[in-house]
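**Q** everything below, folded, please.
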Amino acid sequence: MHLLSTKSRNFVLLKRCRRFCNKDICYHILIVNTMKNNILHTLTFITILLCTLLSACTSKDKGTPVVNEDKAAKQKMQGTWVNEIEGDAVFSVKGDTLFYNDSLNAPVAFYVRNDSLIIASHKEVRYLITRLNSTQLYFINSNGDEVMLQKSSESPTVAKGEYKGIIDINQGRKIKNDTVVMWNDKRFHAYTQVNPTSYKVYQQTVNDDGMTVENIFYDNIVFIALYDGSKRIYGKNIQKKDFASLVPQAYLESAILSDITIQGVTKDGVRFVAILVRPDTYTNYRVNIDITPDGKRKLSI
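**A** Numbers count the residues shown, from 1 in each chain. The predicted structure is shown next:
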């Protein structure tokens, strides 16, 4: 098919138009047609430009080198590993997952790269491998000591598909409390309910073998309410982030909102006490929540 240039097409159009229309109408049609062609050319140019840019970006991404894991080393690690000195199972490896001997420690994904065992937990942990073969695994643990492991030929004793490593601190069940309190000779009904959530809180510790392990806990949301008869004066879901102005951020990130208790009354109103606990430690923060009879909230420590 022979393609005509824009100028040629306009000439043909003008010639045909003059057979049926007067001169002014023909030139009007010609102008409209020219504008249409210009718009089409502009759109075509923009489309080509976008395709060129996208192609360049794609080529750049494809050119970025990808560091692959050492799959041969990962294959050697499959099985159960025991401490050469004590004879206790330390962890078991199946596929891409490492299962610790202690069922309280969460299973984690791992990979081997550049002679390092890399644990892909909430915070990545690396161990330098000093020896790895089909029966031995030596690496430097989090304490800087060399751990010497021997692959066990016996059936693994660590949990695999039956992992139950979630520690509950007032979790897994709804806990309701309510009581009647007197404030300025008036009766108020105070109510709390601890609601478990799927919000994870991670805590890393070093086990007896010097390995950094990660425990997973679930946070809570606690609903508190204050009633004057059938009238609700105050009602709100409380989360640990509500105490960010009073509790250090570093502590808050690894803490659980364990409970909110009903303390009684103060000069400021009815007092609830929020208990923030770091799992596996003896430290905790207690934040006072005072609710006034007109529904205002005041926080203090």
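
**Q** any stretches of this structure with poor pLDDT?
**A** Residues of the chain meeting the criterion pLDDT under 70: 1-67, 102-105, 154-173, 280-283.

**Q** mind listing the helices for it?
**A** Secondary structure of the chain, counting by DSSP state H: helices at 6-17, 23-63, 71-76, 249-253.

**Q** list the buried residues in the last one.
**A** Pointing back at helix 249-253 there. Neighbour counts over helix 249-253 (16 or more other Cβ atoms under 10 Å) mark Leu252 as buried. From N, CA and C alone the C-beta is placed, and that goes for glycine too.

**Q** can you tell me what sits against it?
**A** By Cβ atoms under 8 Å, 6 or more residues apart in numbering, the list of residues contacting helix 249-253 from outside reads Val201, Lys240, Lys241, Phe243, Ala244, Leu276, Arg278, Thr283, Tyr285.

**Q** rerun at 7 Å
**A** The contact list for helix 249-253 (Cβ atoms under 7 Å, 6 or more residues apart in numbering) reads Lys240, Phe243, Ala244, Arg278, Tyr285.

**Q** tell me what the last one is bridged to.
**A** Tyr285 forms beta bridges with Leu276, as assigned by DSSP bridges.

**Q** any idea how far it is from Asp185?
**A** For Tyr285, the distance to Asp185 equals 33 Å [Cβ to Cβ, to the nearest Å].

**Q** between these two, which is the more surrounded one?
**A** Tyr285 (18 against 5; other Cβ atoms under 10 Å).

**Q** can you pull the contacts of that one?
**A** Counting by Cβ under 7 Å, 6+ apart, Tyr285 has contacts Val247, Tyr251, Leu276.

**Q** one more: Gln204?
**A** If a contact means Cβ under 7 Å, 6+ apart, then Gln204 has Lys123, Thr212, Glu214 as its contacts.

**Q** can we see that at 8 Å?
**A** When contacts are counted by Cβ under 8 Å, 6+ apart, Gln204 touches Ser121, His122, Lys123, Val125, Thr212, Val213, Glu214, Asn215.

**Q** can you flag the buried ones in those residues?
**A** Buried among the contacts of Gln204 by 16+ other Cβ under 10 Å: Ser121, Val125, Thr212, Val213, Glu214, Asn215.
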